[in-house]
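A.B. asks: Fold the following, please.
(chains A, B and C)
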Amino acid sequence: MAHDAHHHGSYLTPKGGFWTTVADWATTVDHKKIGMMYLVAILFMFFIGGMAAMAVRLELFEPVRTHVDPTTGAAHVTGQLFGSKADADAGNIKPGNNLYNRLFTLHGAIMVFMVIVPSIPASLGNFFLPLMLGAKDVAFPRLNLLSWYIYVIGSIFAVTSIILGGVDTGWTFYTPYSTTTDPGFNRVAIMTLAAFILGFSSILTGLNFVVTVHKLRAPGMGWFDMPLFIWAVYAAAIIQVLATPVIGITLLLLTFERIFRVGIFDPALGGDPVLFQHFFWFYSHPVVYVMILPGMGVISDVLAVQSHKKIFGYRAIAFASLGIAGVSFIVWGHHMFASMSELASMVFSALTFLVAIPTAVKVFNWIATLYKGSIVLNAPMVYTLIFLFLFSIGGLTGLPLGTLSTDLHLHDTYFVVAHFHYVMMGGTIMALMAGIHHWWPKMTGRMYDEKGAIAGALLVFIGFNLTFFTQFFLGSRGMPRRYASYVDEFQIWHQISTIGSFVILLGFLVHLFVFLASLATGKKAPANPWGGLTLEWVADSPPDEHNFHHEPIVTHGPYDFETVVPPHWDPKDYPIPAENKVAVSHH
Amino acid sequence: MSTLDTRDSRPYWQRYMPGHHWRSAAEEFDSCKFGFWLFLSTEVLLFGGIFCAYFIFRSLYPGAFMEGSRALDWRWGALNTVVLLVSSYTMAASIYCVQKGLFSRAKLNLWITLICGLLFLLIKFTFEYTPKWSGYFFVLDPALSHHTETMVQGKTAFMGLFQYVEGYGGKRPGSLFDFPFAKDANMPLWWSVYYSGTAIHALHVIIGMVLIARVLKRVGQGYYGPTHYTMVEVSGLYWHLVDLIWIFLFPLLYLIH
Amino acid sequence: MAHAANNETFNELDPHGFEGHGHHASHVIVGPFTLRTILALLLFFTVLTVATAQLETAIMNYFNITLPWWVNVAVAMSIAVVKAVLVMAYFMQLKYDNPINTVLMLFTFGALAIFLFFTGLDLFSRGAIDPQKQTQIIAGGTGSGVTAKGNQSVTAFARERFMEKLLAKHEGDKVAAEMEFAKIEAEMTGHGHGHDAHAAPVISSSNRTVKRVGATGALLETAPGHADDHGHDHGTHAAPKAAH
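C.D. replies: Numbering: from 1, shown residues only, chains lettered A, B, ... in the order given. Got it, this is the predicted structure:
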């Protein structure tokens, strides 16, 4: 078992000088390096998108009011941070290019396309899918590198569009505004091309994962011996492959529409703007399940390991992942209740309720797993509990939005904004944080400061609720979304929300500090600090370039905590009653 | 060969070793095919968007679509269909030849496939797109004989190869539309659907030809053989998909009655 | 292949599956006879597609009936599906492959079917429950922001532009310009396949309007798309007959 530690080093060991290392990372086909590069890029884009959100919240701290001096008749505007009315009147700001609109579009587009969709699959998925399967790499390593570069190019396009002044259509690019606005400059075209390119990155990653799961499992690992993280990423990968091309053709047609005025979505030329909405949401609804499914997979794994208990209902959770992926394709109309026919709205509303079933199965199974588990309240577990709380609220608030009659009042209000932030940020981002902390020792070979991480987690949790819970009140009382101003009675909620956003920022800064401190001076991590049973814990921390020293052979399930000694653990430290003992884990 | 001569002089396809993360070459081959079918499914859904737009607008404006289809010459469309079907056959045949080690026959089949692709594009651009968009007919175009009255004598382009016909061109999408004799007011929309569909398809024909050209070159260099022909198979799959899309586009666009 | 990849045949004594059948097990060779047969079938079905389309027109002209528009689509698509299945099964070797590839394509076409079905469900049922919600379709679109006048369809605008060009050519002689317009139009509409030389089948109008009740009804009385003729009646087929 003892190997020559000086022989290989890990995947992080530099191969030579600075430029050699840069060239190595730039041309690598090693899934671990690609996963790390994605992780850094995603966290960076998260910061940029977050800054845009802070700007939006700052604008909303005060409503915009124009005071007219009764004696002089001069107008005096208060509460407006970005783009004053006076400026617009004086012609200094092009009409329709209000900076506030550009900021929330920027926030939405970056967060959706560059952060949340790739977040867990591209970073943790790339890193751990082959490791958990016992494979040396993904099915198509060079395609993986191509996927990374496509992501970089797409992000450059998006940033270019922002630098040139940005887009104010909202991240949903509804027509005919998006096809007719800003005619000379075509910043919209650059941004839609960015999203088009990023779509290909997503498709290639999904493709890679599907083939890897089918073909590269270790000997002895059947479909039902895989960790649930794999099931979740696999289901998300299927959605990525089937749904993303439709946003591709949508954005392509949108670009044609802008350049050639082809008229498919423009009523001025006989087209139909609701057709655009169908095209757009056919992708954008399944993609929210691409966002959440890998997060749920992370939670399944982290929860089982950190409560050291076999997951309750393995097959139910596995099939629920596939069920969510399947149902996700038949519910997209619930984003369009206000613009569709009543008949279609009723059908979509009924179908939307279906997706709650597999989701609830998962949540109940997680809670059942926690019951009588030996729970360790470390950062991954704290984030898991935060996820369970926030995601449940998010999911439950989806019900009034899926119900046709109530949605007609709540559509395009802050209720929707609060709902999707609870599921996307309270769900995926919290799961991402749980996963990063859980696998940090494996990825970097270092431990992080537990107290600092939990402090960060609590700050994020408190800040998150301050920011977004108040938005449910705002929405149900009628505050519309994407508005820079509002009536006076909403101000207190907006102010609490803005203060909450600063608390979130503080929480993430604490995390940043904890991570940097860990990289600089963190304790060296053992190969299996938490006692996990899945194959990634067999590998070293950080893993060797070729992942494993010998191809692992799987002889037990991924969550058999009662019967198997975890890899790298001394059996003396892990007493198993004789009648339970099945195997010592490989290595 | 002397014992000092360690260079392996076998052709590349005999020396080929699968990627180190695969258990065998056969597994790599199967997985590459599976992966490529996943990519083909994305292409099907990409064109699916066009078919959806077609479906919606044909249902809403059947008159425009009927008039628009009459403006297309189904004979060019049928010829293009035959060209692509033959090219599909030669592509599949070239795979057979590579599997059997009949390399010069494989190259011949690949050349025919390429030429068919080129012919498809030529027919499309010269006889279909150019006259409709601009009114300039290729001088050898048989349709020109129907327009002897409206031909503008002396107005030619491209070194006299294209002849202008008054009042024929302008069949362009959306706000570029400039054809004066449209009976149905929704003709620009028909042309939008027509051009979007066929142009994206033509782009895929070009991509397919690039793939086949690369395969052709490498067959000549001994890259592919009976035990290693993954790229040939994959390029073949792409080309067949291009053919498949056209099989659906042709009746939907050209044969509306 | 008896490989560890296929876990049903996992062999504990040979976990890495080196004692397999060998490389060629999965390499199916589709022979030239099969390929040529399939090509012949495909060409036959192509001819059939064209023939059925022309048969429909012949039937409509001979019996003087109107077949619903979807008949044409249904027949053509059925034949196209048969051709597609042949290409996928034999040329693309789905028949000989791992069934997962076929399952994948079935899922793909299923997703496409879902997309078309639900989109159509919405767009064609607008007036199903509340007739007032039926959208009024203005032939050619509203034209706002598109054409110079801002309230006419693109087709009318193109017609106008051409007329102006002819007027300029004839130096303001309106009669001569209109004569030339009619002459060119005759040649344009006569060009084709002779279908409209005889009585064209009556097709459903491209403009399904529903009279709107309530406050907005009056606003849409004078739908811009209709009042654009400038004397050219583009709804009839009368002109070509004279030329013949």
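A.B. asks: If we go by neighbour counts, what in the helix or strand harbouring residue C:76 is buried?
C.D. replies: Assigned by DSSP states H and E, residue C:76 belongs to helix C:69-86. By 16 or more other C-beta atoms under 10 Å in any protein chain shown, the buried positions in helix C:69-86 come out as C:69, C:72-73, C:75-77, C:79-80, C:82-84, C:86. Quick note: C-beta positions are derived from backbone N, CA and C, even for glycine.
A.B. asks: Please convert those residues to a markdown table, extending it with pLDDT and distance to residue B:147.
C.D. replies: A markdown table is the format used below for these (pLDDT from 0 to 100; distance: C-beta to C-beta, whole Å):
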| residue | pLDDT | distance to residue B:147 |
| --- | --- | --- |
| C:69 | 77 | 30 |
| C:72 | 86 | 28 |
| C:73 | 88 | 31 |
| C:75 | 92 | 32 |
| C:76 | 92 | 29 |
| C:77 | 94 | 34 |
| C:79 | 95 | 33 |
| C:80 | 96 | 32 |
| C:82 | 96 | 38 |
| C:83 | 96 | 34 |
| C:84 | 96 | 37 |
| C:86 | 95 | 39 |
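A.B. asks: Need the max-distance pair from the residues you listed.
C.D. replies: Checked with C-beta to C-beta, the buried residues of helix C:69-86 reach their widest spread between C:69 and C:86, with 27.2 Å between them.
A.B. asks: So which bits of the stretch 151-257 of chain B are right by chain A?
C.D. replies: Proximity of the stretch 151-257 of chain B to chain A (C-beta under 8 Å from any C-beta of the partner chain) is limited to residues B:173-176, B:185-186, B:188-189, B:192-193, B:195-196, B:200.
A.B. asks: Tell me which of these fall in helices.
C.D. replies: Of these, the ones assigned to helices by DSSP state H are B:188-189, B:192-193, B:195-196, B:200.
A.B. asks: got a list of contacts for the helix holding residue C:76?
C.D. replies: Defining contact as C-beta atoms under 8 Å, 6 or more residues apart in numbering or on different chains, one finds that helix C:69-86 is touched by B:58, B:62, B:66, B:244, B:247-248, B:251-252, B:255-257, C:38, C:41-42, C:45-46, C:48-49, C:52-53, C:56, C:203-204.
A.B. asks: Show me where the stretch 151-257 of chain B has its helices.
C.D. replies: Counting by DSSP state H, counting those that start in this stretch, the stretch 151-257 of chain B has helices at residues B:187-220, B:230-254.
A.B. asks: The first one and chain C in contact?
C.D. replies: Yes. Applying C-beta under 8 Å from any C-beta, one finds that helix B:187-220 is in contact with chain C at B:187-189.
A.B. asks: Out of the residues you listed, which comes closest to residue A:424?
C.D. replies: Nearest member of those to residue A:424, counting by C-beta to C-beta, is residue B:189, at 36.7 Å.
A.B. asks: excluding its backbone neighbours, what's nearest the closest one?
C.D. replies: Nearest residue to residue B:189, sequence neighbours excluded (C-beta to C-beta, 6 or more residues apart in numbering or on different chains): residue A:270, at 4.6 Å.
A.B. asks: Now do the contacts for the one you found.
C.D. replies: A:263, B:61, B:185-186, B:188-189, C:138-141, C:153.
A.B. asks: Between which two of the residues of the stretch 151-257 of chain B next to chain A is the distance greatest?
C.D. replies: Farthest pair in those, by C-beta to C-beta: B:185 and B:200, 25.7 Å.
A.B. asks: For these two, indicate the residue with more neighbours.
C.D. replies: Per other C-beta atoms under 10 Å in any protein chain shown, whichever of residue B:185 and residue B:200 has more neighbours is residue B:185, with 28 against 18.
A.B. asks: surely the more buried one meets residue C:155?
C.D. replies: Yes. At 4.9 Å, residue B:185 counts as touching residue C:155 under the criterion of C-beta atoms under 8 Å.
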